[in-house]
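# quick one, fold the following:
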Amino acid sequence: MTATTPFDHDTRAYSVPHAYALAHASALAYQEEPVIEETTANWGFDRVRHHETRFTPPFPLQDTQAFTAAGDRMIVTAFRGTEPARIQDWLTDATTPPRPGYDGRGYVHYGFGEALDSIWPDVRDTVAAFRDNGQSLWFTGHSLGGALAMLADGVYTYGQPRTCDRLLADAFDQGFGDRAFRCVNNNDIVPQLPPEPAYTHVRALRYLDSEGRLHDSMPLLPNLADRARGLTADALAPASDALRDHPVQRYLEALEKNLT
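Numbering: from 1, shown residues only. Have a look, this model is predicted:
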């Protein structure tokens, strides 16, 4: 693995280097198409397709972007997260009533479900066309993109909000519990939204503590103590830690510390 080629295309299981590589893909999803194409080529992917449901009045909820990159041994789909300058993304985040979940199980956040449905047929067809050599398949995303990735399949997500009720989360854990990894950076505010008990998280937490160390699990009391340490990092503005911990760059910086 190098700085220009973060992917080990033979990876088939969880690893910190793979989490770091997919965090790079999540960050890349925010870039323009030419940048995505050049970067994925440098990473060893010879095919890329962009997915977008375009914004048209009057303020639809299905404005969603992603890309799928494929090589001979690996396929990655990365969903773009929330962009503050794009009001339609914020509408997707804010539309919180539940709707029936997938396969008739539980309930899912309405805005996230509608956003995924708007783009999923194109993603599904692209993966089917690209998967011509038994490649491993990975979904990833940061923030809102993490929510969309989690609803799609086994995945790595970063700063993902809650997406569904407990019934659907339990079904996901049973089906994909060993293939889904939800990375949360200390006090990141987004994983704390929308509020419980209406929405909850799936399991498979990977927690980055206030010093950037990665934990496979974090018991309640140590977690509360560590989050308190994070809040005191800036004595003049402790509440801002919840926002400082969310950008995808903070996840990349923390994961990079764990590569050795």
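
# least confident secondary structure element in this structure?
helix 87-94 (a mean of 56; mean pLDDT, DSSP states H and E).

# quick check: buried residues in the next helix-or-strand element following it?
Reading on from helix 87-94 to the C-terminus, the next helix or strand found by DSSP states H and E is strand 98-100. Neighbour counts using 16 or more other CB atoms under 10 Å place residue 98 of strand 98-100 among the buried residues. Bear in mind the C-beta positions are built from the backbone N, C-alpha and C, glycine included.

# isn't residue 194 up against residue 162?
Yes - in terms of CB atoms under 8 Å, residue 194 counts as a neighbour of residue 162; the distance is 5.6 Å.

# common neighbours of those two, please.
residue 109 (CB atoms under 8 Å, 6 or more residues apart in numbering).

# between those two, point out the one with more neighbours.
residue 162 (23 against 19; other CB atoms under 10 Å).

# quick one, phi/psi of the more buried one?
Dihedral pair for residue 162: phi -70, psi 140, per degrees, to the nearest 10.

# do residue 258 as well
phi -90, psi 0.

# which residues touch it?
Here residue 258 is in contact with 16, 20, 212-214 (CB under 8 Å, 6+ apart).

# same thing with residue 123?
So residue 123 contacts 51, 66, 68, 77, 152 (CB under 8 Å, 6+ apart).

# same question, residue 66
29, 50-52, 77-80, 119, 123, 141, 145, 148.

# buried subset of those?
Here, 16+ other CB under 10 Å leaves 29, 51, 77-80, 119, 123, 141, 145, 148 buried among the contacts of residue 66.

# which ones among these map onto strands?
Secondary structure assignment by DSSP state E places 51, 77-79, 141 of those in strands.

# quick one: which of these is nearest to residue 44?
Closest approach between these and residue 44, by CB to CB: residue 78, at 15.2 Å.

# picking up where we left off before, just put the buried ones among the contacts of residue 66 in a markdown table and tack on distance to residue 245 and pLDDT.
Shown next, in a markdown table, are the buried ones among the contacts of residue 66 (distance: CB to CB, whole Å; pLDDT from 0 to 100):
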| residue | distance to residue 245 | pLDDT |
| --- | --- | --- |
| 29 | 19 | 96 |
| 51 | 28 | 96 |
| 77 | 25 | 97 |
| 78 | 21 | 97 |
| 79 | 20 | 94 |
| 80 | 20 | 91 |
| 119 | 27 | 89 |
| 123 | 29 | 95 |
| 141 | 17 | 95 |
| 145 | 17 | 88 |
| 148 | 21 | 84 |
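
# kindly reformat the residues you listed as TSV containing distance to residue 40.
Compiled in TSV, these are given as follows (distance: CB to CB, whole Å):
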residue	distance to residue 40
29	11
51	14
77	12
78	9
79	15
80	14
119	18
123	16
141	16
145	16
148	19
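
# quick one: which of those residues is nearest residue 158?
residue 141 (7.4 Å).

# any idea how far that closest one is from residue 73?
22 Å (CB to CB, to the nearest Å).

# again, but for residue 196
40 Å.

# so for these two, which sits in the more crowded spot?
Remark: of residue 196 and residue 73, residue 73 carries more neighbours, 16 against 11, as counted by other CB under 10 Å.

# quick check: buried residues in stretch 21-40?
21-30, 36-37, 39-40.

# actually, stretch 159-177.
159-166, 168-172, 176.

# point out where this structure drops to low pLDDT.
1-5, 54-63, 83-95, 154, 232-239, 241 (pLDDT under 70).

# what's stretch 208-215 in contact with?
16, 19, 183-186, 206-207, 218, 226-227, 229-230, 233, 251, 253-255, 257-258.
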